[in-house]
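Asker: build me a structure from this.
(chains A and B)
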Amino acid sequence: MPSRDPHPTDPHPTDPHPTDPVISVTGLRRQYRAGVQAFEAVRGVDLHVRRGELFALLGTNGAGKTSLLEVVEGLAPATAGEVRVLGLNPYRRRADVRPRIGIMLQEAGFPADLTTLETARMWHGTLGEARSAQESIAVVGLAGREDVPVASLSGGERRRLDLALAVMGRPEVLFLDEPTTGLDPQSRRAAWDLVRGLLADGVTIVLTTHYLEEAAELADRIAILHEGRVARTGTLAEIVASEPASIRYRTSTAALADLDLLSGLPALAGWPRSTGGAVELESVDLQVTLSAVLVRAQDAGAELTDLDASPASLERAFLAVAAETLP
Amino acid sequence: MTTVPAPTARPLAAGRPAARATRAARVLALVRAEMLLLLRNRTTLLSAVVLTPVGSVFLAGNILVPPDGGAPTGGGVATGSDPALGSAVLIMLLMFALTIVVYANITTTLVSRREELVLKRLLSGQPSRAEIIVACASPAVLVLVVELLLGAVALAVWFDPVRLRDAGSLLLGVVGGVVLFVLLAVASSGLTRTVESAQLTTMPIILVAIMLSGAVVPLEALPDVVGRVAAWTPMHPVVALTQHGLGVTEAAGGWSDLAQPLAALALWLAIAAFGALRWMRWEPRR
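Answerer: Below is the predicted model:
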C-alpha cells in the first residue's frame, strides 16, 4: 500500500507544473427554476484545484456542494461563470472530458437484477482503457461478491461498487461525492487507503464529505461552502488558524472570574464570556493566553477547576461558518 | 471492506486524451445488460413474447374471420384469401408489438431506470443520452423484429407466403413505426412518475393507436369525421404503409397514394421528437 503524507511539503515532486489548475472555477452560479420559484444554489464560486491534490468540499446540508460538483463534472450547465476541467468546458466538451475523469455520485443506482460482476462488465464495456471488471471489484474489497445481485448488496457494498466503477477507467481526475457515507469505520478506512493510493499515483481528487475527520485526514486543501458561496478555503492549517482557540474553566477567585479584569489578557479574540458559571475565553494564540491565565492564577492563589484548553479545529471552523449569515 | 489490495491506478499522461470506447462498443455493452434484464423480467418477457403474438392472432382471426363464418369485416382486407389473411395477421402483430412490446415496455423501462437512479449513473459515465436511450430501447426493438420474422415464417407455413408489393413502403412503415413509438415512449416516460402509473399513462396512446389504426376497423367504416381524424392518429400511417407494402390494400397507385400517411408519419415523428426532448427526465422529480 503506497503511503502518503496528507500534507507534504512538496506533494508533487515529479510534477513540473505543480500549481497548474486541473480544475478552474470562476464566478460560477447555478440557479434552479425561474421567476418567483427561482433558487440560486451556487452563488459566485471561485475554485482552483491543482494537479495531484485532494481538494475537499465541505458544507452544511444545502450549502451547494452537489450543485457545484454537478456543474464541474459536466452533468449540468452553469447558469453563469466559467468552469474548466483539464482545460476544457466539461459540459460542452463532455465527450473529450469524460474519458479522463471518474465520477462517484452522492446518490446513484444500478439495475437491481444484475450481479456485481455483470454491472462492472457493463460499465467496463463503455470505457476505453480501463481496469478489468474483476480487478475493479477486488480493489474495493468486493471480491467474492461477484455473483450477488445488486438488489442483495448492502448499502455500503453498493457504495463500494459505485467507487469501483468510478476508478475503473483510470481517471486523471476523480470526483467523489460523499463516498464513505453508509460505510462502517473499517470500510471507511479501507476506502481512505484506496484514495491515498490513487493520490500517490498522481490522480487529482475532488471530495465532498460530511465527515470532517475524513477531510482532515486526506485533503491537501479544503473549501467550506455556505449558502452557495465559499466561506473558507485553504489548507487544514490555514482554515484552523482562521478560528480562535478556546480556554474554559471554573473559579471563585475574582481576579480570574471578573470579565472586565480578564479582558486585559493577551491575544484574546473577543470579549470574555461567562456561561453556566464557567469562564470562556477565545484566543488567537492559545499558548500566550493560557500562560497569562496560569500566571494570574498562581499569583492570586486561585484554583481553576474543569480547566479545558483546546486549539481551534476544523469542526470549530465549520460550525463558525455554519452560524454565519451571508449577505 | 476487510482487505483492500494496493491500488494500481495508472493515470494517463497529463494532457493526453484517454482512449475512448467506440460508440458501438458502448451501446453494445449497455444492450447486453438490458437483454439480461429483459430475460430476468418474466412479466415483461411474457407480455412481449407470448401475449403479443397470441393477442394479434386472436384479434385478427375474430375481425377477419367472424365466428359465424360470415364475410371478413375489417382490416382493409379486400378478400378473404389466405395471403391477405396472413398479411393482416402480420400487420396486427406489428401493431401489437409497437404498442405493447416497444411503447409500453420502453416507457416502463425508462421510468424504472430513472426512479432507481440508473439513468443518472449512466449519464455520469461515457455513454451519451442518445446511446443510453438506444440501449434501453434495443431489447424491445429486437423482440419486435424477431416476432415479425417468426410471424412471417409461420404465416408462410400456415397460409400462403406473404406477398411483398413494395419493400420500400413496408420498410418505411416498420422503421418509421419503431422510431415513432420509441420516441413516444421516451416522451411518455417523462410524464410518468412511477412504474405502476406507466400502465395508466400509456393506455390512451395504446387504445387510440390500435382502435383508430385502420387495421381493426377500416377508416371507411367509421363516421366521416372520425375517419378523417383517425387518419392522423400515430398508428394509421404505419398500418397504411405496411398494408401498401404487403399489397393488402387494393390501391393500385404508387407513392402518390401514400402522401397522407407519409405526412401523418412525419408530423407524429416531429411531435414525438419534440415531446422526447421536452419531457424526458433523467432523474426523479424531487
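Asker: low-confidence ranges, the stretch 151-286 of chain B, go.
Answerer: Scanning the stretch 151-286 of chain B for pLDDT under 70 picks out the ranges B:249-254, B:286.
Asker: dump the residue contacts of B:Ala29.
Answerer: A:121-126, B:21 (C-beta atoms under 8 Å, 6 or more residues apart in numbering or on different chains). C-beta: built from backbone N, CA, C; applies to glycine.
Asker: which element is it on?
Answerer: helix B:23-40 (DSSP states H and E).
Asker: can you list the buried residues in that helix?
Answerer: By 16 or more other C-beta atoms under 10 Å in any protein chain shown, the buried positions in helix B:23-40 come out as B:26-34, B:36-38.
Asker: kindly report the same for stretch A:186-201.
Answerer: Using 16+ other C-beta under 10 Å as the test for burial, stretch A:186-201 gives A:187-188, A:190-201.
Asker: near chain B too, which of those?
Answerer: A:187, A:190-191, A:193-194, A:197-198, A:200-201 (C-beta under 8 Å from any C-beta of the partner chain).
Asker: between these, which is nearest chain B?
Answerer: A:Gly197 (3.0 Å; C-beta to the nearest C-beta).
Asker: and the closest one, what are its phi and psi?
Answerer: When read as degrees, to the nearest 10, the backbone of A:Gly197 gives phi -60, psi -40.
Asker: now residue 281, what's its secondary structure?
Answerer: Went with chain A since none was named. Of the three states, A:Leu281 takes strand under DSSP: H, G, I helix; E, B strand; the rest coil.
Asker: correction: the question concerned chain B.
Answerer: Put simply, B:Arg281 is coil when judged by three-state DSSP.
Asker: what's the closest non-adjacent residue to it?
Answerer: B:Gly190 (4.8 Å; C-beta to C-beta, 6 or more residues apart in numbering or on different chains).
Asker: what does B:Arg26 give?
Answerer: A:Thr126 is the one closest to B:Arg26 (C-beta to C-beta, 6+ apart), at 4.4 Å.
Asker: follow-up on the earlier one: dump the contacts of B:Ala29 to CSV, plus distance to A:Ile205 and neighbour count.
Answerer: Below are these laid out as CSV (distance: C-beta to C-beta, whole Å; neighbours: other C-beta atoms under 10 Å in any protein chain shown):
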residue, distance to A:Ile205, neighbour count
A:Arg121, 25, 20
A:Met122, 25, 24
A:Trp123, 19, 27
A:His124, 22, 21
A:Gly125, 25, 20
A:Thr126, 22, 27
B:Ala21, 24, 21
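Asker: I'd like these as TSV, with pLDDT and distance to B:Thr109 appended.
Answerer: TSV is the format used below for the contacts of B:Ala29 (pLDDT from 0 to 100; distance: C-beta to C-beta, whole Å):
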residue	pLDDT	distance to B:Thr109
A:Arg121	97	20
A:Met122	97	15
A:Trp123	97	19
A:His124	96	22
A:Gly125	96	19
A:Thr126	96	18
B:Ala21	83	23
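Asker: out of those, who's nearest B:Glu115?
Answerer: Each of the contacts of B:Ala29 was checked against B:Glu115 using C-beta to C-beta; the closest is A:Met122, at 18.9 Å.
Asker: do you know how far the residue nearest to B:Arg26 is from A:Ala78?
Answerer: Separation of A:Thr126 from A:Ala78 (C-beta to C-beta, to the nearest Å) stands at 26 Å.
Asker: which other helices and strands contact the top helix by length along chain B?
Answerer: Ranked by number of residues, the top helix in chain B under DSSP state H is helix B:129-158. Here helix B:129-158 touches helix B:23-40, helix B:52-64, helix B:82-96, helix B:105-115, helix B:118-123, helix B:167-190, going by 3 or more C-beta pairs under 8 Å, 6 or more residues apart in numbering or on different chains; DSSP states H and E.
Asker: rebuild the ones you listed as a markdown table, extending it with distance to A:Leu268.
Answerer: Shown next, in a markdown table, are the helices and strands packed on helix B:129-158 (distance: least, C-beta to C-beta, whole Å):
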| stretch | distance to A:Leu268 |
| --- | --- |
| helix B:23-40 | 62 |
| helix B:52-64 | 81 |
| helix B:82-96 | 82 |
| helix B:105-115 | 56 |
| helix B:118-123 | 51 |
| helix B:167-190 | 60 |
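Asker: of those helices, which approaches A:Gln31 most closely?
Answerer: Nearest to A:Gln31, of all the helices and strands packed on helix B:129-158, is helix B:118-123, at 20.1 Å by C-beta to C-beta.
Asker: packing partners of the closest one?
Answerer: With contacts taken as 3+ C-beta pairs under 8 Å, 6+ apart, helix B:118-123 sits against helix B:105-115, helix B:129-158.
Asker: what's the least confident stretch among these?
Answerer: Mean pLDDT per stretch puts helix B:129-158 lowest among the helices and strands packed on helix B:118-123, at a mean of 92.
Asker: that's a strand at A:Ala56, yeah?
Answerer: Yes - the assignment for A:Ala56, made by three-state DSSP, places it in a strand.
Asker: tell me, how many neighbours does it end up with?
Answerer: Residues lying near A:Ala56 (other C-beta atoms under 10 Å in any protein chain shown) number 26.
Asker: tell me the pLDDT of it.
Answerer: A:Ala56 carries a pLDDT value of 97.
Asker: bridging residues for it?
Answerer: Judged by DSSP bridges, the bridge partners of A:Ala56 are A:Leu207, A:Ile222.
Asker: and it, how far from chain B?
Answerer: Computed as C-beta to the nearest C-beta, to the nearest Å, the A:Ala56 to chain B distance reads 19 Å.
Asker: pretty sure that residue contacts A:Leu212?
Answerer: No - judged on C-beta atoms under 8 Å, A:Ala56 makes no contact with A:Leu212 at a distance of 9.3 Å.
Asker: now the residue nearest to A:Ala278 when sequence neighbours are not counted: phi and psi?
Answerer: Nearest residue to A:Ala278, sequence neighbours excluded (C-beta to C-beta, 6+ apart): A:Arg250, at 5.1 Å. Phi and psi for A:Arg250, reported as degrees, to the nearest 10, are phi -120, psi 140.
Asker: pretty sure A:Arg250 sits against A:Glu303.
Answerer: No - between A:Arg250 and A:Glu303 no contact is recorded; they are 9.1 Å apart, counting by C-beta under 8 Å.
Asker: comparing those two, which shows the higher neighbour count?
Answerer: Set A:Arg250 next to A:Glu303 and count neighbours by other C-beta under 10 Å: A:Arg250 wins out with 16 against 13.
Asker: picking that back up, which of the helices and strands packed on helix B:118-123 is buried the deepest?
Answerer: Among those, the stretch with the highest mean neighbour count (mean count of other C-beta atoms under 10 Å in any protein chain shown) is helix B:105-115, at a mean of 25.
Asker: so what touches that helix?
Answerer: The contact list for helix B:105-115, computed with C-beta under 8 Å, 6+ apart, reads A:111, B:34, B:44, B:47-48, B:118-120, B:122, B:133, B:136-137, B:140, B:181-182, B:185-186, B:188-189, B:192-195, B:198, B:201-202, B:280-284.
Asker: ok so A:Ala309 is a strand residue?
Answerer: Yes - assessed by three-state DSSP, A:Ala309 belongs to a strand.
Asker: quick revisit: quick one, which of the contacts of helix B:105-115 are buried?
Answerer: Among the contacts of helix B:105-115, those classed as buried by 16+ other C-beta under 10 Å are A:111, B:34, B:44, B:47-48, B:118-120, B:122, B:133, B:136-137, B:140, B:181-182, B:185-186, B:188-189, B:192, B:195, B:198, B:201-202, B:280-283.
Asker: for chain A, which spans come out with low pLDDT?
Answerer: Across chain A, the ranges flagged by pLDDT under 70 are A:1-19, A:325-327.
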